[in-house]
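J.: Below are the sequence and a predicted model; questions follow.
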Amino acid sequence: MQSQGTIYLVGAGPGDPDLLTLRAARLIERAKVIVHDGLVSAEILAMARPDARLISVAKQRSRHTLPQDQINALLVREAQAGRDVVRLKGGDPLIFGRGGEEAEDAKAAGIAVEIVPGISAANGAAAATHIALTHRDASSIVSFVAGQCKGLSDQNWSGLAGKGRTLVIYMGVKTAPQIAEKLMADGLAPDMPLAVIENAARADMRVVRGPLAELPDLVKREAIKSPALIVIGEVTARDSHTIAKTALEAAT
C-alpha cells in the first residue's frame, strides 16, 4: 500500500529569497509538488527543482482560481497519492494566510502537516522602511486587521488605533475610503499619520505617507496596488529619513 505524503505549509516571507528560513528554502529546493499563491515571488519559485510541478492558486480580480475548499481538497488529494506537497504562501501561513483552514482539513483526512513560519508582511515592511511598530516612545501595542473582509463596516476596531498604538491593515487598498471613514467615526484624529507600503521588502517597494483623512486620495493619486500594507500610528512619523523612497522622492 502506498504511503501518504506530508503537507508542508510554508511561509515564503515578503518575497526576497534571502529572507526565507533555512527550513523553507530546503523544502522548496527538494519539493516535487509546490502549490503557491500569487504573492510568492518569481525569484523564490525559481529555487524549485527543474522537474517540480508548480500549481498556482493565485488570486485574480478579487477571486481565487480555486475556492479555498477546493485548494484544501487539492492538497489532500496530492498527499493521499503519496506525494509530499509544499503549500507556499506569501508572508506567514497563519497570518491572514488561511493556513489554519488547510491544516484542519488535512488533519481531518489523516494527513501529516508541518507548518513552517515565514516573515510576515508586517515584519518585512517594518524592517524595509525602518518603521518600528512598537517604538517605546510612540507605541506599546500593535494590532493586525484585514481590511477586505465580509462585514467590514460591522467590525469593531475601536481602540486599535490612536495614541500609543499602531494599527497594521492587510488587504486594505480597495477599501481605503471605508477604512478612513470607519476609523475617524471611531474617534481617530484625521491628522493621525500613516504610511502605505506597496511591495514591502522588494526591489520595487514604494512608501507614501500622509494623514488618515487623506488615505483614500493617497491610494488613488499614487495608484497604489496590492500587495500593500497600511500602517497607522505615530510610529510612521518617526525616522522620516528612511531609505525607502516616498512618492515625493520618486517623482523628483
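T.: That came in fine, so what should we check first? Keep in mind it's a predicted model, so treat the numbers as computed, not measured. Numbers count the residues shown, from 1 in each chain.

J.: Just want the phi and psi numbers for the spatially most central residue of the chain.
T.: For the chain, the residue nearest the mean C-alpha position is Ala121 (4.3 Å; CA atoms, centre = their mean). When read as degrees, to the nearest 10, the backbone of Ala121 gives phi -60, psi -40.

J.: Now that we're looking at it, what pLDDT does it have?
T.: Note for Ala121: predicted pLDDT of 94.

J.: Pull the contacting residues for it.
T.: When contacts are counted by CB atoms under 8 Å, 6 or more residues apart in numbering, Ala121 touches Pro14, Gly90, Gly91, Ile95, Tyr170, Ala200, Pro227, Leu229. For the C-beta atoms, the positions are set from N, CA and C on the backbone; glycine is no exception.

J.: and Val145, backbone torsions?
T.: According to degrees, to the nearest 10, Val145 has phi -140, psi 160.

J.: start at 25 instead
T.: Got it, the first residue is 25 from now on, which makes the last one we talked about Val169.

J.: still on that earlier bit, any chance of the contacts of Ala145 in JSON lines, plus secondary structure, pLDDT and neighbour count?
T.: Below are those laid out as JSON lines (DSSP: H, G, I helix; E, B strand; the rest coil; pLDDT from 0 to 100; neighbours: other CB atoms under 10 Å):
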{"residue": "Pro38", "secondary structure": "coil", "pLDDT": "93", "neighbour count": "28"}
{"residue": "Gly114", "secondary structure": "coil", "pLDDT": "95", "neighbour count": "24"}
{"residue": "Gly115", "secondary structure": "strand", "pLDDT": "96", "neighbour count": "27"}
{"residue": "Ile119", "secondary structure": "coil", "pLDDT": "95", "neighbour count": "18"}
{"residue": "Tyr194", "secondary structure": "strand", "pLDDT": "95", "neighbour count": "22"}
{"residue": "Ala224", "secondary structure": "coil", "pLDDT": "92", "neighbour count": "28"}
{"residue": "Pro251", "secondary structure": "coil", "pLDDT": "91", "neighbour count": "20"}
{"residue": "Leu253", "secondary structure": "strand", "pLDDT": "96", "neighbour count": "27"}
